[in-house]
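Engineer: build me a structure from this.
(one chain, ligands or ions: 1)
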Amino acid sequence: MNATGSVIVPPAVPVLPVLGTQATFPVRRIYCIGRNYAAHAIEMGHDPDREPPFFFQKNPDNIDTSGRFPYPVKTGDVHHEIELVVALKTGGTNIPVEGALDHVFGYGVGLDMTRRDLQAEAKKLGRPWEIAKAFEHSAPMGPLVPAERIGHPQAGRVTLSVNGTLRQEGDLNQLIWKVPEMIAYLSDFFELAPGDLIMSGTPSGVGAVERGDVMEGAIAGVGELRVEVV
Ligand code: MN
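Structural biologist: Alright, predicted model coming up:
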């Protein structure tokens, strides 16, 4: 046993910076919603109708705020997915849609980096998605911006460029499941808590990156994110 009373060195709690402050936001869980923009659902071969949302998780320690994304092992087809990140300051279960936004601390810009080849194989075999979604450095993120400062964005252009060429484009007003609906739905299945993040899905135009590529994401009214693939 060491000085902390643990038999190993306790793992660090991953944190996100809070824009314009010295404060950090400690992260407990990362929930990700799938197929939340109709045009992306169609490009992935699915019906864009408003079927119930589905979620998967990334690991909090997959977050990387360094601006560098190491090309992952065991894939030859890693894709960018630009997403609005929602950060919760309070939680609970069975949260009503009305008032769900009161649980939001703020928003950020993130990338749900995906080993698309391994995801396709997992889908085909009916296997879980962790090896495609929840790997090291798979969640590049920028700082959080408090809702106190920017409110709760209902609309705003969402873009991702690679080496200056626009790849993904959408608008927050195209989200099939809106932020309060995502919070309410998740809280029926999980006990949400302070420190939870929700990655809200990606617009169409996902695609592969290679070492040396520079990804530049932006969400109007929220922020920007620049990540180099190394
Ligand atoms: Mn995604």
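Engineer: give me the most central residue, the chain.
Structural biologist: Against the mean C-alpha coordinate of the chain, by CA atoms, centre = their mean, the closest residue is Met199 at 3.1 Å.
Engineer: how about the residues of the protein near the ion?
Structural biologist: Counting by CB under 5 Å from the ion, the chain comes close to the ion at Glu81, Asp112, Thr202. C-betas here are computed from N, CA, C, even on glycine.
Engineer: what is the nearest of these to Gly221?
Structural biologist: Set against Gly221, the nearest of the residues of the chain next to the ion by CB to CB is Thr202 (17.7 Å).
Engineer: element containing Ala120?
Structural biologist: If you go by DSSP states H and E, Ala120 is part of helix 116-125.
Engineer: which other helices and strands contact that helix?
Structural biologist: helix 130-133 (3 or more CB pairs under 8 Å, 6 or more residues apart in numbering; DSSP states H and E).
Engineer: gap between the lowest-mean-pLDDT helix or strand in the chain and the chain center?
Structural biologist: For the chain, the helix or strand with the lowest mean confidence is helix 38-43, at a mean of 84 (criterion: mean pLDDT, DSSP states H and E). Counting by CA atoms, centre = their mean, to the nearest Å, helix 38-43 is centred 17 Å from the centre of its parent chain.
Engineer: partners of the following helix or strand past that helix, with directions?
Structural biologist: For helix 38-43, the following helix or strand on the C-terminal side (DSSP H and E) is strand 55-58. The sheet places strand 55-58 alongside strand 29-33 (antiparallel), with pairing taken from DSSP bridges.
Engineer: off-centre distance for the partner strand?
Structural biologist: That offset, for strand 29-33, works out to 7 Å (CA atoms, centre = their mean).
Engineer: next one: stretch 59-71
Structural biologist: The answer for stretch 59-71 is 12 Å, by CA atoms, centre = their mean.
Engineer: next one: stretch 126-142
Structural biologist: So, by CA atoms, centre = their mean, the centroid of stretch 126-142 is 10 Å from its chain's centroid.
Engineer: how long is it from one end to the other?
Structural biologist: 33 Å (CA to CA, to the nearest Å).
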